[in-house]
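Trainee: heads up, no residue letters with this:
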């Protein structure tokens, strides 16, 4: 019974786990951007974006651009890894 149930449950759990990790990273960055997250002494992408936000209109947009791109790339990479693991571990696709 375990040999039938576990292989079919594992791929959706991996996708859900990857989505939840990406969601947690996004939530932490959002709360840090709003000033409700980690203290200022701790490094956070949300704090880096918030610190550069005041310079956006003075043509120094790159201060917030690069932490924002790092956040975007991290979240997309986690989602792609979760999707690829689902494809590799899905017993229906191994035929």
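Mentor: Arrived safely, thanks for sending. Everything quoted here is computed from the prediction, not taken from an experiment.
Trainee: quick check: what element follows the helix or strand hosting residue 9 along the chain?
Mentor: Secondary structure from DSSP states H and E places residue 9 in helix 2-34. Sequence order places helix 45-53 as the next helix or strand after helix 2-34, per DSSP H and E.
Trainee: and the helix or strand containing residue 86 with helix 2-34, angle?
Mentor: For residue 86, the element it lies in under DSSP H and E is helix 62-89. Angle, helix 62-89 to helix 2-34, by axes from the mean of the first three to the mean of the last three CA atoms, to 10 degrees: 170 degrees.
Trainee: helix 62-89 relative to helix 45-53, how many degrees between them?
Mentor: Computed by the same axes, to 10 degrees, the angle between helix 62-89 and helix 45-53 is 150 degrees.
Trainee: just checking, what packs against helix 62-89?
Mentor: helix 2-34, helix 45-53 (3 or more CB pairs under 8 Å, 6 or more residues apart in numbering; DSSP states H and E). Yep, even glycine has a C-beta here, placed from its N, CA and C like the rest.
Trainee: what are the buried residues along it?
Mentor: 63-64, 67-68, 71, 74-75, 78, 82, 85-86 (16 or more other CB atoms under 10 Å).
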